[in-house]
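Trainee: Kindly return the folded structure for what I paste below:
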Amino acid sequence: MKRSCAIETACCLALIACCLLCAVPAWAEPAKGVMDSIRQAVLRELAETVSSSVELDDLRILKGEESIRSAEEYTVSGVEMKTYSGRNKVTLSLGLTNRKKEAKSLVVEAVYDVLVDVYVTSKALKAGSLLGESDYHALKQKSSRLPAGAITVRKDLEGRMLKATVGQGIVIKSDYLAARAGVKKGTKVTVVVETDNILVSTQGELRRDAVVGGNARVLCDSSKKEVNGILVNPETVRVKI
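Mentor: Purely as a prediction, here's the structure:
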């Protein structure tokens with residue numbers, strides 16, 4: 001008898017729960033289309049104000065969600081950045097309108113990440129190697145996941161020497177690179193002039209102090225003209241025309 005009462009009670013509770021669930025209106029949560037429009041608008045704003053290479057990781061409505069819990073179709077009429085609320089986290093205010101021209105407002109919190117270039121070795125490289133363009137390639141990586149010391153600017157690699165042996169597919173870090181060697185004004189160097197079809201070498205003299213991988217101004221011995229190039233090693237300046 002007790003078991004029968006318990007079963008009846010359980011059935012009644014289940015029936016009540018089903019009724020309550022059915023009683024919740026379909027518009028209790030913002031429509032998916034509205035949320036998609038909000039996400040797209042926020043992403044466009046982040047692309048304009050933070051970085052063109054930005055990804056939206058999460059979006060949360062802080063204020064005004066109850067005003068769009070309906071079957072009405074809203075469009076975003078405006079977005080404004082308010083404040084930074086943490087690392088890679090901002091709050092924004094949005095204006096929305098429906099077909100009846102009724103205006104609503106929201107405050108949202110967006111969590112984002114910025115994609116940056118890291119440089120990965122294309123092959124195994126020995127300590128003492130001078131890095132060339134064929135030795136590495138760029139990959140996009142989220143800034144929040146960057147290895148400490150990862151090089152993110154290609155210019156920081158040009159003409160640099162490795163002080164450690166690294167394998168293929170390794171993210172290049174500043175710790176792997178030797179300090180740029182300085183070369184004094186007046187030093188005699190080989191000037192390699194490159195065009196699309198021609199490679200010419202001549203001799204010249206540095207007109208000012210330079211560092212390997214940096215800009216160098218050279219007076220060519222043969223033409224007595226000054227040219228600008230890159231000091232690729234302590235004895236060579238490459239000039240591209």
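Trainee: residues touching the most centrally placed residue in the chain, list them.
Mentor: Most central in the chain under CA atoms, centre = their mean is Leu115, positioned 1.6 Å from the mean C-alpha point. In this structure, Leu115 makes contact with 51, 53-55, 140-143, judged by CB atoms under 8 Å, 6 or more residues apart in numbering. Bear in mind the C-beta positions are built from the backbone N, C-alpha and C, glycine included.
Trainee: What's the biggest strand in the chain, counting residues?
Mentor: strand 103-121 (DSSP state E).
Trainee: Next secondary structure after that strand?
Mentor: strand 136-142 (DSSP states H and E).
Trainee: List the pairing partners of that next one within its sheet, with orientation.
Mentor: Here strand 136-142 has these sheet partners by DSSP bridges: strand 103-121 (antiparallel).
Trainee: Quick one: distance of the partner strand to the chain centre.
Mentor: 9 Å (CA atoms, centre = their mean, to the nearest Å).
Trainee: for it, which positions count as buried?
Mentor: Residues of strand 103-121 classed as buried by neighbour count (16 or more other CB atoms under 10 Å): 104, 106, 108-114, 116-121.
Trainee: Next secondary structure after the helix or strand of the chain with the lowest mean pLDDT?
Mentor: Of all helical and strand segments in the chain, the minimum by mean pLDDT, DSSP states H and E falls on helix 2-23, at a mean of 49. With elements assigned by DSSP H and E, the helix or strand that comes after helix 2-23 is helix 32-49.
Trainee: avg pLDDT for that next one?
Mentor: Helix 32-49 carries an average pLDDT of 91.
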